[in-house]
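> I would like to see how this sequence folds:
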Amino acid sequence: MLLPLAFLGLGLWEWQRGSADLEARALQRDRMAKVVATLEAWPAAANGSPDAGARFRRDGRTYAGPLALSQAKEALDDAEDTLALARFRRYLPPVLILCAALAAGLSILALLGAALLGRTGRRSREALVRGFGFVRHALPPLLGLQVLLAAIVIVAAVAFEASAILQAGALTTDGVKLLAIAAVVVGASLWTAGKALMQLRRTVGIFTPDPLPVPGRAVSAEEAPGLWRLLDDLAARLGALRPDNVVVGLTGGVFVSSGPKVLEPGGGAIGGRTLYLPLPLLPLLREDEVATIIGHELAHFSGGDTEYSLRFLPIYAGVGRSLDAVLLAGAQHDGSVSLLTRPALRLGVFVMDQFHLAVMHWSRLREFAADAAGAEVTSADAAARALLRVTAAQPRIDEALETAYRAPDDAPRDLVAAALGHAAERGLDSAADHLEERQAHPTDTHPTTRQRLDALGRAATPALLAEAAAAPAQEALSRLSAYFADPGALCREASDDFLEAARQHAEATRAALEATAAGIGTEAVALHENTRGGGFTLIGFGGALALVALVLVAIGLPATEGREAWIAIAGAGGVGLVFIVFGIGMLRRGDTPFLVLGPEAMAVAGLDRPIAWEHVLELDMSMDKGRVVTRLRLPPEAPFPARLPGGRRVKLDPKRRAVTFAAGPPRGLKAQGFAELVWRYRAAAAARALLAREASAAVFE
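Residues are numbered from 1 along each chain as shown. As a prediction, the model looks like this:
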C-alpha cells in the first residue's frame, strides 16, 4: 500500500512540475518566434546590404546581421524541440498517477477482500473453501497486474526525470551517466515484470497433490481382528465413518487421512479413509487410552475434516506457487527482493496469512471437537491421560528408532520391543515439559497440549502428570495381542521395513558422499585473475599515445607552437608510458595465482599459511563492483593466518576470526562457476571427513 501511494504522490508532484515546465517552454518558443519575426523584418541598409545593427545574443555570444537571424532561427528550432519534449513529458505523470492509483486500489481491494474472506471462512468451512478457491485462481493475474503496474510506474517516473536531462541541451559526462543509469533501471524493470508474468502464467494450472507417503503396512481384519472390532464398536457408538484401511508402522503419531497414499517401502497404493497407528506406542497405552485416541481420529472422519484438508491443499499450493513466482522474478543477487515486486509479494503473503488463520481456526475447533468425541467413548480422564502419555512416551520411542536408524546392522530384530525396553530402562519424559508443544501430523495442525486439556476441563495436576509418566507395565508388550493375531511377526516385519529403509538411506548417503569426494582432482588448482584483457588494453592505449608523441617529434613542430606544444607532446608520451606500466603490472598480477585450491586446504595469496577446509566454519561469496568477495570464518581452535609483507591485500579480522579477499572472476570462469568450484572443493573435503569418520568407527567396532 505505502509504495503505490508514494508513487502516487510522486506523480502529482511531477504533474505540477511538468505543467509549469510546459508553460515556460511555450512562452520561450513564443518569444523566440517574435525575435525571429523582428529580425526578418529588420530594414536593410541604404545600399541594400543587410543591416549590421540587427543583433542577437546566444550562449554568451552576440551575433549581428545575417548571423543574428540564422542563430535566432536555430534557437527557435531548439525551442520547438524542447517544447515538443515538454509536451511528451506532460503525458508521463498522468500515466504514473493512473497506474499508481490502480495499484493502490487493487491492493486495498485485495486486502479488504482477503480479510473479509478470512472472517467469513471462520464462520463456515464451506465458505472458506469457496472463497479462497476463487482467490487461488484470481491471485496470479492480480499479482501479475500489480507487478506490471509497478513497472509502468517506474518507467514513467524514470523517463520523466531522464527527459529533463535531454531538455538541458548539451550533454555533460554526468548527464550521460544518469541517462545510462535510467536506461538500466527501465530495462531491469521491464525484464523483471516480463519474468514475473511468465512465471505467474505457469501457476494457474491444475494442482494434483502427490500421494501421501506413509511408512507402514496395511493390516486386514484377519491380521488385526481385535483392532477392527474396536474400530467397528467405536464407529457405531460415535456414528462415525469406518476407515477403509488401517496402516501400522514404527514412526510418527496416530493420524487419519483421506485421499491417495503410497505405502513405503513396498510402494503399494491405497485410497479412501486411512487410520495410521504406530506400533511402539500401543503397548505404552492402556485400553481406554487407545480407545479415546482412536475415537478422536474417527471423529475427524465424521466431521469431514480429512476431506476438507484435501480441499485445502490445492489452495495452499496455488497461493504458494504464486508467491514463489513473484519471489523468483524479483530475487536480487544479495538475497533481497526487488522494489518492483515487493508490493505484490507482500499482498500475496497477506492473502496466504488470512487463509492460514482461517484454516487454523477450524483446525483448533475440530481438534477440540475430536477430543470431546474421544472422551465421550471413554472419559475425560482417559482422554487427558492419553494426551499426556503420548507426549511423555514419544521421546523414548524416537531415541530407540534413531539409534537403530544410525546403525541398522547392529539393531535388534524387534524394534517395538527395543523401544519398550528403552522406555522401561530410562523412564518416560515428564509430560510437564511438553505442555506447550503440538502433536505432529502430516497434513493438519493441532492446538497445544495445555489448550486441549483445558478444553477437556482437566488440569495438568501433579497426580495426572505422574500417572502419565509412569513406567511401562511388565505385561505391556502382551497388550498387542488384544489387537493383532500375530503381533510378534507383525512387529518384526515392520522392523525389517524400517531397517531396510535405513540401510538404503545409508547406502545412498555413502554413494553421494563418495561422488562428492571424487568430484575434484587430487592435484591443486591454481586460479589466476583474468587481467589479460585489461592489461593489453592499457598497453595498447598507452603505446598509441607514446607512438603519436614520437611521430610528432619526428616530423617536427611548427615554430608557432613553441614550448606549450612540446609540453603537450611530453605529457601525452608520459601518460602513454604510465598506461603501459600499469598494463604490464596487470599482466604480471594475472601471472601470479590469487588462490590455489587443494583437496585439503586453500592457499590465499598474501597469507603466510594455507587454510584447511576443515577449519572453514563459514564460507560466503558475493559480487561487489564486478569482483567476487570471499569471506571465510574460522573456529577459535584453528590457527589464524597472518598477512605477508608486500603480499596481496587480504583483510584479516582476528576478533571475528574472519578472512576476506576480493578478486575478479578467474580465467576461463564466470563468477558463478568460480563460486561453484570453491564450494565443490569444500563439499569434497567435508565428504571425505565424514567417510573417514565412518571408516574409523567401523574399525573401532
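
> now for the strand or helix carrying Ala104, which elements pack on it?
Using DSSP states H and E, Ala104 maps to helix 66-121. Applying 3 or more Cβ pairs under 8 Å, 6 or more residues apart in numbering; DSSP states H and E, one finds that helix 66-121 makes contact with helix 2-40, strand 55-58, helix 125-167, helix 342-377. In short, each C-beta sits where N, CA and C put it, glycine included.

> Pull the distance from the last one to the chain's centre.
When C-alpha coordinates are averaged (Cα atoms, centre = their mean, to the nearest Å), helix 342-377 and its chain have centres 24 Å apart.

> wait, what's in contact with the spatially closest residue to Arg609 that is not a sequence neighbour?
For Arg609, ignoring the flanking residues on the chain, the nearest one in space by Cβ to Cβ, 6 or more residues apart in numbering is Pro641 at 5.1 Å. Taking Cβ atoms under 8 Å, 6 or more residues apart in numbering, we find Pro641 in contact with 604, 607-609, 611, 652, 659.

> Quick one: buried ones out of those?
Neighbour counting over the contacts of Pro641 (16 or more other Cβ atoms under 10 Å) leaves 604, 607, 611, 652, 659 as the buried ones.

> Tell me which entries of those lie within strands.
Secondary structure assignment by DSSP state E places 604, 611, 652, 659 of those in strands.

> is it true that the first one touches Ala663?
No. Applying Cβ atoms under 8 Å as the test, Val604 and Ala663 come out as separate, 9.6 Å apart.

> list the residues that contact both of those two?
Residues touching both Val604 and Ala663 (Cβ under 8 Å, 6+ apart): 594-595.

> Determine which two of the buried ones among the contacts of Pro641 are furthest apart.
Taking Cβ to Cβ as the measure, the buried ones among the contacts of Pro641 reach their widest spread between Ile611 and Leu652, a distance of 11.5 Å.

> Could you pull out the residues contacting both of these two?
In terms of Cβ under 8 Å, 6+ apart, Ile611 and Leu652 are both contacted by the residues 641, 659.

> quick revisit: which of the ones in strands among the buried ones among the contacts of Pro641 lies closest to Ala369?
Minimum separation from Ala369 among those (Cβ to Cβ) is found for Val659, which lies at 59.0 Å.

> my read: that closest one touches Pro639, true?
No. In terms of Cβ under 8 Å, Val659 does not count as a neighbour of Pro639; the distance is 11.8 Å.

> Return every residue with contacts to both of these two.
Once Cβ under 8 Å, 6+ apart is applied, it turns out that Val659 and Pro639 contact no residue in common.

> What count of nearby residues applies to the closest residue to Phe160 other than its chain neighbours?
Taking Cβ to Cβ, 6+ apart as the measure, Phe160 lies nearest to Leu92, with 4.4 Å between them; neighbours along the chain are not counted. A count of neighbours around Leu92, defined by other Cβ atoms under 10 Å, yields 21.

> go on, Glu264?
There are 15 residues near Glu264, going by other Cβ under 10 Å.

> Domain-wise, how is this structure divided?
In the domain annotation for the chain, the residue ranges read 2-204, 212-305+364-509, 529-584, 594-700 (automatic domain parsing).

> Any idea how many residues pack against the nearest residue to Gly131 once chain neighbours are set aside?
Among residues not flanking Gly131 along the chain, Leu117 sits closest, at 3.9 Å (Cβ to Cβ, 6+ apart). Counted with other Cβ under 10 Å, residues neighbouring Leu117 total 21.

> For Leu117, give its distance to Phe132.
When Cβ to Cβ, to the nearest Å is the yardstick, Leu117 and Phe132 sit 6 Å from each other.

> joint contacts of these two?
Shared contacts of Leu117 and Phe132, defined by Cβ under 8 Å, 6+ apart, comprise 355, 358.

> can you give me the strands in the stretch 201-350 of the chain?
In order along the chain, the stretch 201-350 of the chain carries the following strands (DSSP state E, counting those that start in this stretch): 212-215, 217-218, 245-249, 255-257, 261-264, 269-270, 274-278.

> closest to Ala26 out of those strands?
The stretch from the strands of the stretch 201-350 of the chain with the least distance to Ala26 (Cβ to Cβ) is strand 212-215; that distance is 71.2 Å.

> any idea how far the closest one is from the chain center?
The chain centre lies 28 Å from the centre of strand 212-215; the measure is Cα atoms, centre = their mean.

> can you dump the C-alpha coordinates of that strand into PDB?
Output of strand 212-215 as PDB, limited to C-alpha atoms (Å, rounded to 0.1, in the frame of the first residue of the first chain):
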ATOM      1  CA  LEU A 212       0.900 -39.100   0.800                       C
ATOM      2  CA  PRO A 213       3.800 -41.300   1.600                       C
ATOM      3  CA  VAL A 214       3.100 -43.500   4.700                       C
ATOM      4  CA  PRO A 215       5.900 -45.700   6.100                       C
END
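
> Would you mark the buried spots in it?
By neighbour count with 16+ other Cβ under 10 Å, strand 212-215 contains the buried residues 212, 214-215.

> I'd like to know which elements that strand is packed against.
Of the remaining helices and strands, those touching strand 212-215 by 3+ Cβ pairs under 8 Å, 6+ apart are strand 245-249, strand 261-264, helix 487-517.

> Please produce JSON lines containing the strands of the stretch 201-350 of the chain, extended by mean pLDDT and distance to Arg450.
JSON lines is the format used below for the strands of the stretch 201-350 of the chain (pLDDT from 0 to 100; distance: least, Cβ to Cβ, whole Å):
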{"stretch": "strand 212-215", "mean pLDDT": "87", "distance to Arg450": "29"}
{"stretch": "strand 217-218", "mean pLDDT": "92", "distance to Arg450": "35"}
{"stretch": "strand 245-249", "mean pLDDT": "94", "distance to Arg450": "28"}
{"stretch": "strand 255-257", "mean pLDDT": "86", "distance to Arg450": "21"}
{"stretch": "strand 261-264", "mean pLDDT": "89", "distance to Arg450": "32"}
{"stretch": "strand 269-270", "mean pLDDT": "88", "distance to Arg450": "35"}
{"stretch": "strand 274-278", "mean pLDDT": "93", "distance to Arg450": "23"}
